[in-house]
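Q: Pasting the sequence and the predicted model now:
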Amino acid sequence: MQFFINYFTAVQYQKKVFRYKVAVGIINKRLREAISINSKPMTQIYLNNDIKEKYNIDWNCAREESLPNTTLQNIFLICDYFNIDVSKYFEIVKNVSDEEVDIAINSKKKLTRLYSIYLKY
């Protein structure tokens, strides 16, 4: 019985982590789109190229916005690029609503497929 309780707890934890990663992606996209380039939201390609030029780092904006398996280094880079404090970044991520996360998950087939694993429990 204890095994099943532990397994259930582990799966629930992984579900929370998955949803948090989606929230990180939502914020990364929101930060990018808040910047106007030629009266349009900044594109992923523009951000990738600008980070390459300024930081000499290859960046994949699409990955960081879809389901980031991000690192602290990447979060620090995003915060530096957009000139926000790291603690403020995490506060913003924390305030992403469950509804926003659900919408993001349901809007992408890959996320829907990956998330469906956790819906059984």
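A: That came through, no problem.
Q: residues in contact with the residue sitting nearest the centre point of the chain?
A: The C-alpha lying nearest the average C-alpha coordinate of the chain belongs to Gly25 (C-alpha atoms, centre = their mean; 2.0 Å). Residues in contact with Gly25 (C-beta atoms under 8 Å, 6 or more residues apart in numbering) are Glu64, Glu65, Ser66, Leu67, Pro68, Ala104. Placement of C-beta: from N, CA and C, glycine included.
Q: Return the distance of it relative to Leu31.
A: 11 Å (C-beta to C-beta, to the nearest Å).
Q: and what of Thr9?
A: Applying C-beta to C-beta to Thr9 and Leu31 gives a distance of 33 Å.
Q: of those two, who's got more company?
A: Leu31 (19 against 11; other C-beta atoms under 10 Å).
Q: For Ala34, give me its contacts.
A: Pro41.
Q: where does it fall, phi/psi-wise?
A: phi -70, psi -20 (degrees, to the nearest 10).
Q: what do you get for Ser36?
A: Per degrees, to the nearest 10, the backbone of Ser36 is at phi -100, psi 130.
Q: Leaving out the residues flanking it, which one is nearest to it?
A: Of all residues not flanking Ser36 in the chain, Met42 sits nearest, at 7.2 Å (C-beta to C-beta, 6 or more residues apart in numbering).
Q: still on that earlier bit, quick check: nearest residue in space to the residue nearest to the centre of the chain, chain neighbours excluded?
A: Distance criterion C-beta to C-beta, 6+ apart; nearest residue to Gly25, sequence neighbours excluded, is Glu65 at 4.7 Å.
Q: burial of the one you found, as a residue count?
A: 22.
Q: got it, and Tyr89?
A: 19.
Q: Equivalent analysis for the one 3 residues further on, please.
A: With neighbours defined by other C-beta under 10 Å, the count for Ile92 comes to 16.
Q: Also Ile26?
A: For Ile26, using other C-beta under 10 Å, the count is 20.
Q: Also Arg113?
A: Around Arg113 there are 10 other residues, counting by other C-beta under 10 Å.
Q: what's the distance between it and Val22?
A: 13 Å.
Q: likewise Asn83?
A: Counting by C-beta to C-beta - Asn83 and Val22 are separated by 24 Å.
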